[in-house]
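Enquirer: sequence below, structure please.
(one chain, ligands or ions: 1)
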Amino acid sequence: MAYILITAVALFFLNIYTSTSLRSMIFSAQKQTMEERAQVLTTALLQLDELSSSKTEGVVNSLNDLSTTRTVVTDDGGTALYDSLVTGNAEGKLLLFPEIVTALSGEDVFFSCYTDGAIESRAAIPLVKNGKLLGAVYLMQYDTDQGALVDTLQTNVLRLSVALELGVILISLVFSTAFSRRLRRILHSVRKMGDGDYSYKLKLRGSDELTQLGREFNSLSERLEASEQRRRQFVSDASHELKTPLATIKLLSDSILQNEMDAATQREFIGDIGREADRLGRLTQKLLTLTKLDSDVSDEREIINAAQTVQKVARMLRPLAKLRRIRLECTPEEGCSIMTVEDDLYQIVFNLVENAIKYNREGGWVGVKLFRQDEDVVLTVEDSGVGIPPEAMTHIFERFYRVDKARSRAAGGAGLGLSIVHDMVGRNYGTIGVAARVGGGTVFTVRFPLFETEEETT
Ligand code: ADP
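Expert: So this is what the prediction gives:
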């Protein structure tokens, strides 16, 4: 609406400006004509030896194309020597029109105005011969033709601007209605999304900013829908995982309370309850880690000598490997500095090596290597274990994904370890890949950008 108002005001001023310009063009043409005529008459009058009434009349009559409404010649005192008017002739009378007075003071005058459909122009110039003022020439033109021309032009300009204004208002209305309709649709979808309906999609045609906004909105709602779907899935999976050990604990404790059992069986049941409680503890710890990773709270990064962390993990897991009769070979090279959160790196290596031991065979082997390759620090964790089927490789980093559910559960896993590893590697600017190992087993490869310290560079 404001736009229409601005256009209307602009057109109104344009109308005034055009009319004024047209008038001043006509006035200046009129001025030139009047000045030329007055000049011609003055030149002719100055040829006379004396400025008398009869001689002046003779000169005026000889200039037949003077074509003015009134021509007056006065002496130096302002008395009319000649007046072309028939009715109201002022010959012999004192004529002190302002223009004549100004001309007698030695100045040229021109005046023009538009009144009652006519242009009235007046010009007066002094008659000066050899530096002596002899009188003044006064011309007056009352032009109804020019006035009619100005009239027609003004009316046409007015009509044109009204037509233009109506056109602009019409176009603006059409555009603004279409614009508001599309805006209302976007608003409607925003409200729908606010109510939690992410499936609603906007259908906008065209390629303007509004359509782009609509597309952005659609892609935003798609992402929100996917994230909401992931969140629901996560909550349902997490509840399911928590339910199983809780149900076992409940069953075991009910059995202890209801049945008369010997002390040895009771101890065995209580031991089982303790193991389930440990499983619950590990699960909640992993869930907390994932929530922390999702909320993107970034810990302080520092330059880490990755070899030391890898050795620390190997020391921690050697007893487990020994228990399972698995040979753990750890060969980290020095000079592998990376910029990371130390706890993250520890967790990454720990989860990968623990899995390599957990999903291995009796008498199997686990190899952990750390080395530099071009601009990267590479960590490989290989095992001679059960391996991962090719169809499972793409899902391995998903939350709660387990290849062999029974086996994994028996090993105490909930399918969260690798997804934690994946998210931690990502937030430390690294990449992770998994492949089947030639000769059986699996190999995980993690790459981090090498951070060269000054000592290493020199
Ligand atoms: P979990 O806590 O169950 O071990 P992970 O996310 O660590 O969960 O692993 C997901 C699944 O990937 C495991 O259940 C297991 O089936 C499979 N897996 C992980 N590491 C290995 C490995 N080194 N060898 C064979 N299978 C593995």
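Enquirer: just want the residue of this protein that's nearest the ligand.
Expert: Among all residues of the chain, Gly413 sits closest to the ligand, at 2.3 Å; criterion: C-beta to the nearest ligand atom. Heads up, the C-betas are built off the backbone N, CA and C, glycines and all.
Enquirer: could you check the pLDDT of the residue nearest to that residue when sequence neighbours are not counted?
Expert: Spatially, and ignoring its direct neighbours in sequence, Gly413 is nearest to Arg402 (6.5 Å; C-beta to C-beta, 6 or more residues apart in numbering). According to the prediction, Arg402 has pLDDT 88.
Enquirer: all numbers from here: first residue = 46
Expert: Shifting the count to begin at 46 puts that one at Arg447.
Enquirer: pretty sure Arg447 contacts Leu463?
Expert: No: judged on C-beta atoms under 8 Å, Arg447 makes no contact with Leu463 at a distance of 9.8 Å.
Enquirer: name the residue in these two with the higher neighbour count.
Expert: Taking neighbours as other C-beta atoms under 10 Å, Arg447 and Leu463 compare with Leu463 leading, 22 against 19.
Enquirer: how about the secondary structure of the more buried one?
Expert: helix (DSSP: H, G, I helix; E, B strand; the rest coil).
Enquirer: which strands and helices sit next to whichever helix or strand Ser225 is part of?
Expert: Remark: Ser225 resides in helix 189-239, with elements defined by DSSP states H and E. Counting contacts by 3 or more C-beta pairs under 8 Å, 6 or more residues apart in numbering; DSSP states H and E, helix 189-239 packs against helix 47-91, strand 163-174, helix 254-303.
Enquirer: what's next to stretch 251-269, contact-wise?
Expert: Contacts to stretch 251-269, defined as C-beta atoms under 8 Å, 6 or more residues apart in numbering, come from residues 224, 227-228, 230-231, 234-235, 238, 243, 245-247, 249-250.
Enquirer: try 10 Å
Expert: 223-224, 227-228, 230-231, 234-235, 237-238, 241-250, 273 (C-beta atoms under 10 Å, 6 or more residues apart in numbering).
Enquirer: put the buried members of those residues into a PyMOL selection.
Expert: Per 16 or more other C-beta atoms under 10 Å, the buried members of those correspond to this PyMOL selection:
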select buried, resi 227+234+237+238+243+245+247+249
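Enquirer: ok so, going back, I'd guessed the residue nearest to Gly458 sits against Ala459; true?
Expert: Yes: counting by C-beta atoms under 10 Å, Ala459 is a contact partner of Arg447 at 7.8 Å.
Enquirer: give the buried residues for stretch 267-283.
Expert: Result for stretch 267-283 [16+ other C-beta under 10 Å]: buried residues 270, 279, 282-283.
Enquirer: let me fix that: stretch 325-334
Expert: Here stretch 325-334 shows 325, 327-328, 331-332, 334 as buried, counting by 16+ other C-beta under 10 Å.
Enquirer: same check, this time on stretch 141-161
Expert: 142, 144-145, 147-149, 154-157, 159.
Enquirer: of the residues you listed, just say which sits nearest to Glu387.
Expert: Ranked by distance to Glu387 (C-beta to C-beta), the buried residues of stretch 141-161 are led by Tyr159 at 91.7 Å.
Enquirer: mind splitting the chain into its structural domains?
Expert: 47-197, 254-338, 345-502 (automatic domain parsing).
Enquirer: just to revisit the earlier point, between Arg447 and Leu463, what contacts are shared?
Expert: Listed contacts common to Arg447 and Leu463 are 440-441; contacts here mean C-beta under 10 Å, 6+ apart.
Enquirer: any low-confidence regions in the stretch 96-245 of the chain?
Expert: 109-110 (pLDDT under 70).
Enquirer: ignore what I typed, I meant the stretch 396-503 of the chain.
Expert: 452-457, 499-503.
Enquirer: ok so, going back, a markdown table please, covering the buried residues of stretch 267-283 and showing pLDDT and distance to the ligand.
Expert: Shown next, in a markdown table, are these (pLDDT from 0 to 100; distance: C-beta to the nearest ligand atom, whole Å):
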| residue | pLDDT | distance to the ligand |
| --- | --- | --- |
| Glu270 | 88 | 26 |
| Phe279 | 87 | 14 |
| Asp282 | 86 | 12 |
| Ala283 | 88 | 13 |
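Enquirer: got those as CSV, with distance to Glu313 columns?
Expert: Putting the buried residues of stretch 267-283 into CSV (distance: C-beta to C-beta, whole Å) gives the following:
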residue, distance to Glu313
Glu270, 49
Phe279, 35
Asp282, 30
Ala283, 29
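Enquirer: in the sheet, who's paired with Val154?
Expert: Assessed by DSSP bridges, Val154 has beta-bridge partners Ala169.
Enquirer: what sits against it?
Expert: Contacts of Val154 by C-beta under 10 Å, 6+ apart are 83, 142-148, 167-171, 181, 183.
Enquirer: what does Leu149 give?
Expert: 119-123, 141, 169, 171-172, 178, 180-181.
Enquirer: over to Ile348?
Expert: 382-385, 496-498.
Enquirer: one more time with 6 Å
Expert: 382, 384, 496 (C-beta atoms under 6 Å, 6 or more residues apart in numbering).
Enquirer: residues near the first one, how many?
Expert: This points to Ser382. Using other C-beta under 10 Å, Ser382 has 20 neighbouring residues.
Enquirer: for the second one, same thing?
Expert: Met384 is flanked by 14 other residues according to other C-beta under 10 Å.
Enquirer: got the residues of the stretch 396-503 of the chain near the ligand?
Expert: For the stretch 396-503 of the chain, the residues found near the ligand under the criterion C-beta under 6 Å from any ligand atom are 396, 400-401, 404, 428, 430-433, 441, 446-449, 453, 458-464, 487.
Enquirer: which ones among those map onto strands?
Expert: 428, 487 (DSSP state E).
Enquirer: list only buried entries from the residues of the stretch 396-503 of the chain next to the ligand.
Expert: 396, 400-401, 404, 428, 430-431, 433, 441, 446-448, 453, 458-464, 487.
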